[in-house]
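[1] sequence and predicted structure, then a few things I'm wondering about:
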Amino acid sequence: MLDIKFLRENPEIVKENIKKKFQEHKLALVDEVIALDEERRQTIVRADELRANRNKISKEIGVLMSQGKREEGMALKEQVTAQAKELDELGKKENELTEKVTQIMMSIPNIIDDSVPIGKDDSENVEVQRYGEPVVPEWEIPYHTDIMETFDGIDMDAAGRVAGNGFYYLMGDIARLHSAVISYARDFMIDRGFTYCVPPFMIRSNVVTGVMSFEEMDAMMYKIEGEDLYLIGTSEHSMIGKFIDTITPEEKLPLTLTSYSPCFRKEKGAHGIEERGVYRIHQFEKQEMVVVCKPEESRYWFDQLWQNTVDLFRSLDIPVRTLECCSGDLADLKVKSVDVEAWSPRQQKYFEVGSCSNLTDAQARRLKIRVRGEDGIYLAHTLNNTVVAPPRMLIAFLENNLNADGTVSIPEALRMYMGGNDKIIPKK
């Protein structure tokens, strides 16, 4: 969320940013919120004047009463009563205007970084760099669920009967491989100095609206009936929420955390041939990384975070590339994002396996995540990135490590989590 003072002083910059994100329907919100904010500020001024006047009259009443001028004192008391009624009305008006201003401000997108390419959607994202040599083997690579089924490793039919579409049972070596990847990612990040955390898997509505846009919330979050609780779509939500309404001493920054959680998503609008299988599902597990830092350090940490994901995938013999997300593909709170995509030998193209985002002070302003420095209190910057998110990551792993005989090679880095095995052998 933008600072209302910045918007008030720079309306044209805010409007130009909205145009860059191809959200012209929000242009009118800028003038609307400026007008509402002006009305709100005038209401506050009038209320302050009344309070000052009330205090002055109260002193005069005391003097008049002490002088025996009861009739004059009672007349002034009637003024105080009338002003108290007006103050009450002004207070209600201020609250209503503040709520309206906040709602609109939460719909206006953050100012994107100058380096972000301008484009309407993810089709206009820009490739930055490739890591590893993409290989297409001489034999045909089956669809990922077909590979899993040769190991008796997946049962989507039973999951459909139990929970509906978008769920799955992982079994045997595939389930073990899933857990091995999560455990490896956890230790990989711990070795890089991050503190491991298992967070709450449900969060309150004020945290939800603090970490994401309304559009994301509607498309993603599952609400717990009868409770002010939502299932998290990623552990970033509860990890950033951990610092709600806190003031952290500057010397304790940066806070670098890596967290495990299940994730729950509606996945509204999922479509296309690759939406079957386990590409887009309602429940999965993920290892995440989150950083809370000083504003001047967020660019550095942004590059560190996406590089961690690249390094992890390369350690498992999976070729990847990085993409700079264009303006139209950025969620409203994000200033800059880089997606990491893994190579799919079967599709002979890359697909997304992680996304790194710098939100600068947008989440911090909503959640009051502050820092105490030598020169006073200021807002922190927050960043997040996917370490690894199976089972989608398993798709890349299985395709890139599949052998002609149907076995799947286990890279050395992962063998200690797979009982020392250097490959898994199909049952069919």
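    It's in.

[2] use CA for all of it now, contacts and neighbours both
    Fine.

[3] give me the low-pLDDT residue ranges for the stretch 1-150 of the chain?
    55, 58-78, 80 (pLDDT under 70).

[4] helices of that one, residue ranges please.
    Remark: helices assigned in the stretch 1-150 of the chain by DSSP state H, counting those that start in this stretch are 4-9, 11-20, 27-66, 70-105, 144-150.

[5] can you redo those as CSV with mean neighbour count?
    As requested, the helices of the stretch 1-150 of the chain are arranged in CSV below (neighbours: other CA atoms under 10 Å):
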stretch, mean neighbour count
helix 4-9, 14
helix 11-20, 18
helix 27-66, 15
helix 70-105, 15
helix 144-150, 18
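
[6] tell me which of these sits nearest to V340.
    Of all these, helix 144-150 sits nearest to V340, with 19.7 Å by CA to CA.

[7] name the residues that touch the closest one?
    Helix 144-150 has contacts (CA atoms under 8 Å, 6 or more residues apart in numbering) with I154, D155, I174, G277, V278, I395, L398, E399, G406, P426, K427, K428.

[8] for the helices of the stretch 1-150 of the chain, which one sits closest to W301?
    helix 11-20 (24.1 Å).

[9] helices and strands around that closest one, which ones?
    Under the contact criterion of 3 or more CA pairs under 8 Å, 6 or more residues apart in numbering; DSSP states H and E, helix 11-20 touches helix 27-66.

[10] and the helix it packs on, what does it pack against?
    In this structure, helix 27-66 makes packing contacts with helix 4-9, helix 11-20, helix 70-105, judged by 3+ CA pairs under 8 Å, 6+ apart.

[11] neighbours of the closest residue to V135 other than its chain neighbours, how many?
    What sits nearest to V135 in space, not counting adjacent residues and going by CA to CA, 6 or more residues apart in numbering, is P345, at 6.4 Å. A count of nearby residues for P345, using other CA atoms under 10 Å, gives 21.

[12] for P345, which residues are in contact?
    P134, V135, V136, P137, I141, E399, N400.

[13] among these, which two are most distant?
    With CA to CA as the measure, no two of the contacts of P345 lie farther apart than P134 and I141, at 14.2 Å.

[14] what are the buried residues along stretch 125-141?
    Of the residues in stretch 125-141, N125, V126, R130, Y131, P134, V136, I141 count as buried by neighbour count, 16 or more other CA atoms under 10 Å.

[15] my bad, should have said stretch 255-263
    Going by neighbour count (16+ other CA under 10 Å), the buried part of stretch 255-263 is T256, L257, T258, S259, Y260, S261, P262, C263.

[16] give me the phi and psi angles of the last one.
    Going back to what we said before, that points to C263. phi -130, psi 140 (degrees, to the nearest 10).

[17] so it touches G233, yeah?
    Yes. Using CA atoms under 8 Å, C263 is in contact with G233, at 4.7 Å.

[18] picking up where we left off before, relative to D303, which of the contacts of helix 144-150 is nearest.
    Nearest to D303 among these is I395, at 25.6 Å by CA to CA.

[19] contacts for the one helix or strand the closest one maps to?
    Using DSSP states H and E, I395 maps to helix 392-401. Here helix 392-401 makes contact (CA under 8 Å, 6+ apart) with 141, 144, 147, 178, 278-279, 316-318, 342-346, 353, 408-410.

[20] in the one helix or strand Q307 maps to, what's buried?
    For Q307, the host element (DSSP H and E) is helix 298-315. Within helix 298-315, the residues scored as buried using 16+ other CA under 10 Å are S298, W301, F302, L305, W306, N308, T309, V310, L312, F313.

[21] against which helices or strands is it packed?
    Packed against helix 298-315, as judged by 3+ CA pairs under 8 Å, 6+ apart, are the following elements: helix 172-191, strand 320-324, strand 336-344, strand 349-358, strand 381-388.

[22] so which residues make contact with the third one?
    Looking back up the chat, that one is strand 336-344. Residues contacting strand 336-344 (CA under 8 Å, 6+ apart): 112-113, 116, 134, 306, 309-310, 318-325, 330, 349-359, 396, 399-400.

[23] try the fourth one
    Strand 349-358 has contacts (CA under 8 Å, 6+ apart) with 298-299, 302, 305-306, 309, 320-321, 334-344, 381-389, 392-393.

[24] low-confidence ranges in the stretch 201-350 of the chain?
    Along the stretch 201-350 of the chain, the parts satisfying pLDDT under 70 run over 268-276.

[25] for it, just list every one of the strands.
    202-203, 222-223, 230-231, 246-249, 255-264, 283-293, 320-324, 336-344, 349-358 (DSSP state E, counting those that start in this stretch).

[26] just say which of those is most tucked in.
    Mean neighbours per residue, mean count of other CA atoms under 10 Å, is largest over those for strand 336-344, with a mean of 26.

[27] state the number of residues packed around A362.
    Residues within reach of A362, counting by other CA under 10 Å, total 29.

[28] from V335, how far out is it?
    9 Å (CA to CA, to the nearest Å).
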